[in-house]
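**Student:** Quick one, structure for this:
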Amino acid sequence: MLSTNEILTGLGLVIVLAIACRIVAERFRLPTIVLLLPVGFLAGVITEDVHPEALFGDAFQPLVSLGVGLILFEAGLRLRLDELNRSVRRVVLRLISVGALLSFVAVAVATKLIFGFSWGVSGVIGALLVVSGPTVVLPLLSFVRPSDRVRSVLKWEGTLIDPIGALLGVVVLDAVAQGAAGDRPFHPGILFSSLAVGFAVGVIGALVLRLLLRHSQRVTPELAVGVSLMAVTAVVVGADLARDDAGLVAAAVLGIAVAQDSEIEASRILEFHGTVVELLIGILFVLISASVTPSAAEGVLWRSLGLVAVMVVLVRPLVVAVGTWRSHLNWRERAFAAWMAPRGIVAAATASAFSLSLTQTGIENADQILPVAFVVVFSTVVLYGLTAQPVSRLLDVAGEGAPVVLVVGGEDWGRAVGRALAAAGVRVRLWTSREAERAAAREAGLQAEATPLGVDVENLETELEEVSDALVMSASDDFNALAAFELGRELGRDSVYRLVPGDHSDGDAAGGAEGRLLFGDGLTYEELARRLEAGAKLVERPGDGAGEGGLTPLFALDGDGALRVLAAGEERPAAAVDERLICLDG
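**Tutor:** All right, here's what the predicted structure looks like:
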């Protein structure tokens, strides 16, 4: 039994490692999950303080259930039924029904042939490896940014397959345990009854939570996060007490149902839950991988890699072929979906629980379930995490690769800047709330959209996925400050620029600290508009040609076309030989 100091050390180390992995992954532009498993495994090898059984004892599995329930609730909040057109809906339903059953059978047979385990143990492994999950799919989709149709399919499949796969695992586990004990007969209807219980509890919880959230938004909006945490805990515990693992279904249903209520502002909940879920994912991955010993992993390593090869090369393409049959997805989108099936936290968590349960029952090779699942989870996470982006580009289902510069404001000056940047080879997107300005921008060859500021966090994240810099240049200084504040929360303050406010502005305090100021002192919207009306133009010049003949440098592009915005008050570095400048002439 660990001492108080050892428990404190273990908990602190787990949290530090989980957050450090995210920081390092952001620095080197890697999916965080690629680092979590090896770091947790190494931590388990080096120290005894991070082992979940030692830290939490019997409380670990219930804590995992609550954590996974919270993860699925947050994932459900990000799902919108309007994404499910008829074609996408049909594909998702096939993938989580026929596809899940096909994957279960195929992986179970492959496990039996490769390892020689009993059909019971092979069936349990096949069931728990059905799941994929939002813990790995959503970060990869955010990292890769595939096309909308394939994104919707994979996002819905990844969220819904977790509770279904977990329930399938419980059914198989129950069948194996009862067969070994020789007691009461097994009833496969347990799967459907668990689904029904989870769905019912989730719907009831959603009705209550929607009422509570509507009230809290009117009276005490800061309680929205606490109210949602209370509801998630209640439905997960209530459903699990009625049926094993029905709480996962209830949590996903709760999130999806709340997300469809247009009267509820999910942005505050998502903002907090996103942080909590990121931390939970990191902690759970580190703890579970720390519980696998090197000798156990080494004993199943090569055969597990063979199982991974079968799953990647044969099983997943077959499942996607069945799921997308006669759908509107083109062959490129189907190929990318076939190359996106990482296993996540639910597979690891259920493997840990199932392995212990069957080992205690006395079933041979049950102790191999967790090591096999760990190698499969780790291998698929690394494989798909490192190859998803290049594969998406090869198949042309992601963005064009180059970052996008966002111009906010569709007045004459904003359109002029957009045209100049586009002419220099920069990808430009323009946001304006006025339809006439959007039409004028499109006529000038620019991609123009309505301003989505103020929408929920998930949709704003999606809108800004390809954006590297934002230039806020509307005629309203107050709007510029507020828009810079909101965009800065998503892109980072150093990537958001706004025009110098005019002398008349008195509403800048709302976002006064947000957004770097564009260009030079005195270049307010009014001054730039006056110069433009007087005949000034935006021109492109070599890097050594600025500052002559009344030219005012505004932007610089290096030899690779990367854009640098010249902010007010900053000295411009000496121009490189191959640098180009976009200047204001006049």
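**Student:** May I have stretch 529-548 exported as PDB, CA atoms only?
**Tutor:** Extracted in PDB, the C-alpha atoms of stretch 529-548 (Å, rounded to 0.1, in the frame of the first residue of the first chain):
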ATOM      1  CA  ALA A 529     -10.500  54.800 -46.700                       C
ATOM      2  CA  ARG A 530      -9.700  58.400 -47.500                       C
ATOM      3  CA  ARG A 531      -6.400  57.500 -49.200                       C
ATOM      4  CA  LEU A 532      -8.100  54.700 -51.200                       C
ATOM      5  CA  GLU A 533     -10.800  57.100 -52.400                       C
ATOM      6  CA  ALA A 534      -8.100  59.600 -53.400                       C
ATOM      7  CA  GLY A 535      -6.500  57.000 -55.700                       C
ATOM      8  CA  ALA A 536      -4.100  55.100 -53.500                       C
ATOM      9  CA  LYS A 537      -3.400  51.500 -54.400                       C
ATOM     10  CA  LEU A 538      -1.900  48.400 -53.000                       C
ATOM     11  CA  VAL A 539       1.100  47.400 -55.000                       C
ATOM     12  CA  GLU A 540       3.700  44.600 -54.800                       C
ATOM     13  CA  ARG A 541       7.400  45.500 -54.700                       C
ATOM     14  CA  PRO A 542      10.700  43.700 -54.100                       C
ATOM     15  CA  GLY A 543      11.900  43.700 -50.500                       C
ATOM     16  CA  ASP A 544      14.500  46.400 -51.100                       C
ATOM     17  CA  GLY A 545      12.000  48.700 -52.800                       C
ATOM     18  CA  ALA A 546      10.000  49.800 -49.800                       C
ATOM     19  CA  GLY A 547      10.100  53.200 -48.300                       C
ATOM     20  CA  GLU A 548      10.800  54.900 -51.700                       C
END
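**Student:** quick one: average pLDDT of that stretch?
**Tutor:** Averaged over stretch 529-548, pLDDT sits at 79.
**Student:** cool, and stretch 255-269?
**Tutor:** Rounded mean pLDDT across stretch 255-269 is 77.
**Student:** end to end, how far does that stretch reach?
**Tutor:** Using C-alpha to C-alpha, to the nearest Å, one end of stretch 255-269 lies 11 Å from the other.
**Student:** quick one: contacts of that stretch?
**Tutor:** 72-81, 202-203, 206, 209-210, 213-214, 217, 221, 224-225, 228, 455-458 (C-beta atoms under 8 Å, 6 or more residues apart in numbering). C-beta coordinates here come from the backbone N, C-alpha and C atoms, glycine included.
**Student:** Can you tell me which of these end up in helices?
**Tutor:** Those of the contacts of stretch 255-269 mapping onto helices are 72-77, 202-203, 206, 209-210, 213-214, 217, 224-225, 228, 457-458, per DSSP state H.
**Student:** Could I get the full set of helices for the stretch 451-586 of the chain?
**Tutor:** 457-463, 477-491, 525-533 (DSSP state H, counting those that start in this stretch).
**Student:** Among the ones you listed, which comes closest to residue 355?
**Tutor:** Smallest distance to residue 355 across the helices of the stretch 451-586 of the chain (C-beta to C-beta): 35.2 Å, for helix 457-463.
**Student:** So what's the model's average confidence on the closest one?
**Tutor:** On average, helix 457-463 scores 61.
**Student:** picking that back up, drop anything exposed from the contacts of stretch 255-269.
**Tutor:** 72-80, 202, 206, 209-210, 213, 217, 224-225, 228, 456-458 (16 or more other C-beta atoms under 10 Å).
**Student:** before we move on, back to that, buried deepest among the helices of the stretch 451-586 of the chain, which one?
**Tutor:** Ranked by mean neighbour count, the helices of the stretch 451-586 of the chain are led by helix 477-491 with a mean of 21 (mean count of other C-beta atoms under 10 Å).
**Student:** Please save the CA atoms from that helix in PDB.
**Tutor:** C-alpha atoms of helix 477-491 as PDB (Å, rounded to 0.1, in the frame of the first residue of the first chain):
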ATOM      1  CA  ASP A 477     -13.500  50.200 -34.000                       C
ATOM      2  CA  ASP A 478     -15.700  48.700 -31.300                       C
ATOM      3  CA  PHE A 479     -16.600  45.700 -33.500                       C
ATOM      4  CA  ASN A 480     -12.900  45.300 -34.400                       C
ATOM      5  CA  ALA A 481     -12.000  45.200 -30.700                       C
ATOM      6  CA  LEU A 482     -14.700  42.600 -29.800                       C
ATOM      7  CA  ALA A 483     -14.000  40.500 -32.900                       C
ATOM      8  CA  ALA A 484     -10.200  40.500 -32.100                       C
ATOM      9  CA  PHE A 485     -11.000  39.400 -28.600                       C
ATOM     10  CA  GLU A 486     -13.100  36.400 -29.700                       C
ATOM     11  CA  LEU A 487     -10.700  35.400 -32.500                       C
ATOM     12  CA  GLY A 488      -7.800  35.700 -30.200                       C
ATOM     13  CA  ARG A 489      -9.200  33.000 -27.900                       C
ATOM     14  CA  GLU A 490      -9.100  30.600 -30.800                       C
ATOM     15  CA  LEU A 491      -6.100  31.600 -32.900                       C
END
